[in-house]
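In: Return a 3D structure for these sequence lines:
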Amino acid sequence: MTVDRAVFIFAGLVVLAGVTLGHYVSPWWLLLSVFAGLNMIQAAFTGFCPAAMAFKKLGVRPGPAFR
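Out: Numbers count the residues shown, from 1 in each chain. Got it, this is the predicted structure:
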């Protein structure tokens, strides 16, 4: 697995968790999904992704997107 795939999986899980918690617990949890979406957009433009940096430190091999 590469950092790119790990970031996509993590982002997808965060979005699904936000929507699920927003439905069953409180609508305020939908802000978690909004945050994940905004973070993905800014990462696409800047190349800066905190999750990618964390996965790199955990030893996940780099991919083409987040070097």
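
In: Let me know the helix or strand that the residue nearest the centre of the chain is in.
Out: Geometric centre of the chain, nearest residue: A11, 2.8 Å, by C-alpha atoms, centre = their mean. According to DSSP states H and E, A11 maps onto helix 3-24.

In: and the residue nearest to the centre of the chain, what does it touch?
Out: By C-beta atoms under 8 Å, 6 or more residues apart in numbering, the contact set of A11 is A36, N39, M40, A51. (Each C-beta comes from the backbone N, C-alpha and C, glycine too.)

In: swap in A51?
Out: A6, V7, F10, A11, N39.

In: The same query, at a cut-off of 7 Å, please.
Out: Contacts for A51 (C-beta atoms under 7 Å, 6 or more residues apart in numbering) come out as V7, F10.

In: Now do the same for it: helix, strand or coil?
Out: helix (DSSP: H, G, I helix; E, B strand; the rest coil).

In: One more: the one 4 residues further on?
Out: Following three-state DSSP, the label given to F55 is helix.

In: got a pLDDT number for it?
Out: If you check F55, the pLDDT there is 94.

In: any low-confidence regions in the protein?
Out: Residues of the chain meeting the criterion pLDDT under 70: 66-67.

In: how about a cut-off of 90?
Out: 47, 62-67 (pLDDT under 90).

In: in the helix holding A11, what's buried?
Out: Using 16 or more other C-beta atoms under 10 Å as the test for burial, helix 3-24 gives V3, D4, A6, V7, F10, A11, V14, V15, G18, L21, G22.

In: before we move on, what about stretch 34-43?
Out: A36, N39, M40, A43.

In: Out of those residues, flag the one nearest to K56.
Out: A43 (13.8 Å; C-beta to C-beta).

In: my guess is that closest one is in a strand, correct?
Out: No - applying three-state DSSP, one finds A43 to be helix, outside a strand.

In: That's all I had, so thanks and see you.
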